[in-house]
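J.: Show me the folded form of this:
(6 chains)
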Number of protein chains: 6
Amino acid sequence: MFEFVIDNEVVLRLLDTMHANQLSELTDSCRPYLREWLPWVDGSKGLEDTKAFIEMTKTQFASNNGFQAGIWYQGSIAGVIGFHEMNWSHKSTSIGYWLGAEFQGKGVMTKACKAFVDYAFGELKLNRVEIRCGEGNSRSRAIPVRLGFTKEGIIRDAEWLYDHYVDHVVYGVLCREWLSE
Amino acid sequence: MFEFVIDNEVVLRLLDTMHANQLSELTDSCRPYLREWLPWVDGSKGLEDTKAFIEMTKTQFASNNGFQAGIWYQGSIAGVIGFHEMNWSHKSTSIGYWLGAEFQGKGVMTKACKAFVDYAFGELKLNRVEIRCGEGNSRSRAIPVRLGFTKEGIIRDAEWLYDHYVDHVVYGVLCREWLSE
Amino acid sequence: MFEFVIDNEVVLRLLDTMHANQLSELTDSCRPYLREWLPWVDGSKGLEDTKAFIEMTKTQFASNNGFQAGIWYQGSIAGVIGFHEMNWSHKSTSIGYWLGAEFQGKGVMTKACKAFVDYAFGELKLNRVEIRCGEGNSRSRAIPVRLGFTKEGIIRDAEWLYDHYVDHVVYGVLCREWLSE
Amino acid sequence: MFEFVIDNEVVLRLLDTMHANQLSELTDSCRPYLREWLPWVDGSKGLEDTKAFIEMTKTQFASNNGFQAGIWYQGSIAGVIGFHEMNWSHKSTSIGYWLGAEFQGKGVMTKACKAFVDYAFGELKLNRVEIRCGEGNSRSRAIPVRLGFTKEGIIRDAEWLYDHYVDHVVYGVLCREWLSE
Amino acid sequence: MFEFVIDNEVVLRLLDTMHANQLSELTDSCRPYLREWLPWVDGSKGLEDTKAFIEMTKTQFASNNGFQAGIWYQGSIAGVIGFHEMNWSHKSTSIGYWLGAEFQGKGVMTKACKAFVDYAFGELKLNRVEIRCGEGNSRSRAIPVRLGFTKEGIIRDAEWLYDHYVDHVVYGVLCREWLSE
Amino acid sequence: MFEFVIDNEVVLRLLDTMHANQLSELTDSCRPYLREWLPWVDGSKGLEDTKAFIEMTKTQFASNNGFQAGIWYQGSIAGVIGFHEMNWSHKSTSIGYWLGAEFQGKGVMTKACKAFVDYAFGELKLNRVEIRCGEGNSRSRAIPVRLGFTKEGIIRDAEWLYDHYVDHVVYGVLCREWLSE
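T.: Numbers count the residues shown, from 1 in each chain, chains lettered A, B, ... in the order given. Reported below is the predicted structural model:
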């Protein structure tokens, strides 16, 4: 029912139970593409796993600990973006996201991500937003770079991806930087 | 972040923690008016109670058992509308609502309520929506009447309102009626 | 161990784990009969489901939210009667019941139901007791009629019964009516 | 609502929320008497503690782990008897009980206790029932002796009673002994 | 990581998840021997059950309700010893233990048990420690006898062991006795 | 009872309830010193908070999610070291620690930290250990430097410390690096 309209093409909606079918189909439509950088793909085997994921994101929202949104592009679900968790003590959060193969290259995620950062600083009054990307994942890294984040370091062997470790590049942006832009 | 835009003046938003201040102030601004028909007013003494209420509504949402939305009118929070609970087995729900004193008489609630019924039948695929109103609460009763609900009965002494019992008029509408309109 | 003796033939007992076998057998003995009006029959497939049901009713009792009693007729378990839940704020409750096919027509349920209403008003100090029956379920509707309840309305499509909706007739009785009789 | 009628004078009822007032008053009426042998008396300061105790006993019942009954003598609540817990693996349980000062010496507890042992062996199909009494508590020890229990040992310093340790005499009876009597 | 070194050969370690494999293998290595006196052997079918057991013991520790230690002899896990539960109100506890067949007769358990009693009185400031043994289990009974416990009674049919009941001999030692030795 | 003996002077013990008094006194003895870099000092007001902290660490241990150890120096509690949490999927963890003012400069923490890293790689079979230090906290930063960790980046405004943000330097070491040393 509730949505965040970015423009004529891109809409964000808080993930809800009724989105499970579409989201599960999107995942199925490009598994080899997604699993190149996403560690959860093999474990999410079908509709039931997607439902469980959505249920978990709703509990996250209920706990005031962030939330996950579906991204719709021209009426089709195209991906997911969300806050991993909220650190209210230190006023920081981090953002994660993914897009189906066919929705790449249209600027969708940059818009969605900008909306999330705006919300984090403007409404949630946070001080810091972080994005971590696999070092070789150039598409993902392009987003924080484009949005003016600062590269802060490289966490070695941060993630086990099916059969090898991946280093994470850490990007951060502070409220005072974002608002001064 | 997420909202349902009804028109230029009326917007619905899933209640979230950050709305606690505004909602608490709205309640405080017209307590005598609200307590005429709402049994929770005296028990909701201030910001902490409003926060606890909102937390409860988020848990309701997380349980896939309905949700509560704040109603904004010209940028100010004006009231609340929500599904009391979801009966998925019998595909039915009921709607409750209230509006601050100064927002009465502008058609706000009829629009919000219509949006909720549309959503219940269109998106949630329910079969029946119910609204119960205090028998003497003419403003509240006008909403389902205006939206074409059928009066189905009167539940006597349905509610204890501080110092007396109130009879409830039950209004119902079925999916096939709503869509044929 | 504990029981409510109505007369030489009819005894009520708080449902307990040791009743699971008898209750499961009673259900099995007349499934086609029961499923005409009871939505839970197909889902209660055997002893394990009956045990789970009884466990649930004991939790209901522990939560001070009503209870379920088995009805014994001449030493055999004949059916179940119980309070659906307790609304202590509004001092109201509703009663549900069912009887095995062979125990019909002996006045068993009218006696059991009268005992429950007596208890609700006399001991629990409630103000209102409600009974809802399927509109076409004449045997069930005869009970509140016989006990002097008032017909208050008809809730359309209130219940999904395997393959069709059933309208519910709402009957209510108030403490002042019951005691004045 | 439910009760176990022992004779014209003595009735047992599963403890329920509505008994809290009577039970609290009984405790208050003879605190010095009760605290001579009962370790919980000082901690049970009034109605709220009695309510919490009753709630706990209802949860015990819901967990199929035994239950507590109030004992009524000539219409007044006189004491409490209950199973401490159920050991279903080893088919054993133990019984605890207390009586208000003015209800002593009438054979009330012997009757109540006999009913509990009958129930443990006859209905619950247990194999062993145990009763532990403070060594110097002659009134309490008379019950298992009268009912034919066997003295099995003395547990030294078994209980801390406000300012000193008390030894416990262990009495036990087995199903085959009870039924052969 | 943490251990209690008794001497060059015997070491105790708080049971942790990483010990599941060794402990499961020890159980498998002498099932017929263990099941002569231990009621849990048949129910512990393999690694998963051992993991569940260890998880349970860690929860026990987290609840400040006692703990279980593995016993290592010359670097191999040899058995388990632990506090069944802590009765902080009455300042008492009881100890249970078992040893694999090949580790018998080396004085291992007497040393481990002495360390536990020392800890109960010296660090936990308890007043009473109890050990219960199957009446015919002479190896087990030798431990408390050797450590100076007093035989306090015999609990008849205390335990159901697969196909028969076992009487338990109760041994107890008090702090003042232990320290005066 | 259980401990990890590093040398004649330094011993680690899994934090347990009985350590609450000593740990609370240690905190009280050097609050101004500790609060320079530790965000929890002002919130830990006395014994009750320390007990709650220890209880939380025991739950962490029970959840197989890391643990916290007290550090004893010449028989006195000197500080705390622990794993923040365990990321078993990615085989990584991070270590946090603090020492009372008077225990600085004796090499205590370097030894304790080395023991934790040894345990993480040797026993827990992890792949990566991380330590984060406040940028200006030279004493803390000296530990990972001394142990051969690699500086991987600086997380800006990572922590809110009472009245200002602190940047965190991230140090990491991988299993293959540690073992090759």
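J.: For chain A, list the residues in contact with chain B, please.
T.: A:1-5, A:12-14, A:17-18, A:55, A:58-59, A:61-62, A:64, A:69, A:115, A:119, A:123-124 (C-beta under 8 Å from any C-beta of the partner chain). In short, each C-beta sits where N, CA and C put it, glycine included.
J.: and the helix or strand of chain A with the lowest mean pLDDT, what other elements does it pack with?
T.: Lowest by mean pLDDT, DSSP states H and E among the helices and strands of chain A is helix A:175-180, with a mean of 95. Judged by 3 or more C-beta pairs under 8 Å, 6 or more residues apart in numbering or on different chains; DSSP states H and E, the packing partners of helix A:175-180 are helix A:108-122.
J.: Send over the helix it packs on as PDB, restricted to the C-alpha atoms.
T.: Taking Å, rounded to 0.1, in the frame of the first residue of the first chain, the C-alpha atoms of helix A:108-122 are listed here in PDB:
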ATOM      1  CA  VAL A 108      18.000   2.500 -10.800                       C
ATOM      2  CA  MET A 109      20.200   1.600  -7.800                       C
ATOM      3  CA  THR A 110      21.900   5.000  -7.600                       C
ATOM      4  CA  LYS A 111      18.500   6.600  -7.300                       C
ATOM      5  CA  ALA A 112      17.300   4.100  -4.700                       C
ATOM      6  CA  CYS A 113      20.500   4.400  -2.700                       C
ATOM      7  CA  LYS A 114      20.400   8.200  -2.800                       C
ATOM      8  CA  ALA A 115      16.800   8.000  -1.400                       C
ATOM      9  CA  PHE A 116      18.000   5.800   1.400                       C
ATOM     10  CA  VAL A 117      20.900   8.100   2.300                       C
ATOM     11  CA  ASP A 118      18.600  11.100   2.200                       C
ATOM     12  CA  TYR A 119      16.200   9.300   4.500                       C
ATOM     13  CA  ALA A 120      19.000   8.200   6.900                       C
ATOM     14  CA  PHE A 121      20.300  11.700   7.400                       C
ATOM     15  CA  GLY A 122      17.100  13.700   6.800                       C
END
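J.: quick one: contacts for the residue in chain A that chain E sits nearest to?
T.: Chain A approaches chain E most closely through A:Trp160 (19.2 Å), counting by C-beta to the nearest C-beta. By C-beta atoms under 8 Å, 6 or more residues apart in numbering or on different chains, the contact set of A:Trp160 is A:39, A:166, F:89-91, F:127.
J.: In the helix or strand hosting it, which residues are buried?
T.: Assigned by DSSP states H and E, A:Trp160 belongs to strand A:150-161. Going by neighbour count (16 or more other C-beta atoms under 10 Å in any protein chain shown), the buried part of strand A:150-161 is A:152-160.
J.: What is the nearest of those residues to A:Gln22?
T.: For those, the residue nearest A:Gln22 by C-beta to C-beta is A:Glu159; the value is 27.2 Å.
J.: list the contacts for the closest one?
T.: Contacts for A:Glu159 were tallied using C-beta under 8 Å, 6+ apart; they are A:39, A:134, A:165-166, A:168, F:90.
J.: Which of those residues are buried, as a PyMOL select command?
T.: To isolate the buried ones among the contacts of A:Glu159 in PyMOL, judged by 16+ other C-beta under 10 Å, type:
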select buried, (chain A and resi 134+165+166+168) or (chain F and resi 90)
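J.: and chain D, which of the contacts of A:Glu159 reach it?
T.: Applying C-beta under 8 Å from any C-beta to these, none is adjacent to chain D.
J.: separation between the closest residue to A:Asp49 other than its chain neighbours and chain B?
T.: Nearest non-adjacent residue to A:Asp49, counting by C-beta to C-beta, 6 or more residues apart in numbering or on different chains: A:Gly43, 7.0 Å away. From A:Gly43 across to chain B, the span is 22 Å (C-beta to the nearest C-beta, to the nearest Å).
J.: just checking, A:Gly43 touches A:Ala52?
T.: No: the pair A:Gly43 / A:Ala52 is not scored as a contact, 10.4 Å apart, by C-beta atoms under 8 Å.
J.: of the two, who's got more company?
T.: A:Ala52 (12 against 9; other C-beta atoms under 10 Å in any protein chain shown).
J.: Narrow the residues of chain A next to chain B to those in strands?
T.: Judged by DSSP state E, those include A:4-5, A:12-14, A:69 as members of strands.
J.: Just name the closest of these to chain F, please.
T.: Chain F lies nearest to A:Ala69 out of those, by C-beta to the nearest C-beta, at 24.1 Å.
J.: so what pLDDT did that closest one get?
T.: pLDDT recorded at A:Ala69 is 98.
J.: Give me the nearest residue to it, chain neighbours excluded.
T.: In space, and not counting its chain neighbours, A:Ala69 is closest to A:Leu12: 4.3 Å by C-beta to C-beta, 6+ apart.
J.: Could you list everything that neighbour pairs with in the sheet?
T.: A:Phe4, A:Ile71 (DSSP bridges).
J.: Share the number of residues neighbouring A:Asp163, please.
T.: Neighbours around A:Asp163, by other C-beta under 10 Å: 5.
J.: quick one on the thing from earlier: just how off-centre is the strand holding A:Trp160 within its chain?
T.: Put simply, strand A:150-161 sits 17 Å off its chain's centre (C-alpha atoms, centre = their mean, to the nearest Å).
J.: Neighbours of A:Glu36, how many?
T.: Using other C-beta under 10 Å, A:Glu36 is surrounded by 12 other residues.
J.: swap that for A:Asn8, please
T.: Using other C-beta under 10 Å, the number of residues around A:Asn8 comes to 7.
J.: tell me the contacts of A:Gln22?
T.: A:Gln22 sits next to A:70, A:76-77 when contact means C-beta under 8 Å, 6+ apart.
J.: Closest to D:Lys111 out of these?
T.: Using C-beta to C-beta, these come closest to D:Lys111 at A:Gly70, 67.8 Å.
J.: Just list the residues touching that closest one, thanks.
T.: A:12-15, A:19, A:22-23, A:77, A:79-80.
J.: Relative to chain F, which residue of chain A is the closest?
T.: Closest to chain F within chain A is A:Gly153: 1.1 Å, counting by C-beta to the nearest C-beta.
J.: I'd like to know the predicted local confidence at that residue, please.
T.: The model reports A:Gly153 with a pLDDT of 98.
J.: Show me what it bridges to in the sheet.
T.: A:Gly153 forms beta bridges with A:Val170, F:Gly153, as assigned by DSSP bridges.
J.: you'd agree it is up against F:Ala158?
T.: No: the criterion here is C-beta under 8 Å, and A:Gly153 misses it with F:Ala158 at 11.0 Å.
J.: Pull out the CA atoms of stretch A:54-73 and give them to me as CSV.
T.: Once non-C-alpha atoms are left out, stretch A:54-73 reads as follows in CSV (Å, rounded to 0.1, in the frame of the first residue of the first chain):
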residue,chain,number,x,y,z
ILE,A,54,10.4,-11.2,4.1
GLU,A,55,9.1,-12.2,7.4
MET,A,56,12.5,-11.6,8.9
THR,A,57,12.7,-8.1,7.3
LYS,A,58,9.3,-7.3,8.8
THR,A,59,10.6,-8.3,12.2
GLN,A,60,13.6,-6.1,11.7
PHE,A,61,11.3,-3.2,10.9
ALA,A,62,9.2,-4.0,14.0
SER,A,63,12.3,-3.9,16.1
ASN,A,64,13.2,-0.4,14.9
ASN,A,65,16.4,-1.9,13.5
GLY,A,66,16.1,-0.9,9.9
PHE,A,67,14.1,-2.2,7.0
GLN,A,68,14.2,-3.7,3.5
ALA,A,69,12.5,-2.2,0.5
GLY,A,70,11.7,-3.8,-2.8
ILE,A,71,12.6,-1.7,-5.9
TRP,A,72,10.1,-1.6,-8.7
TYR,A,73,11.1,-0.5,-12.2
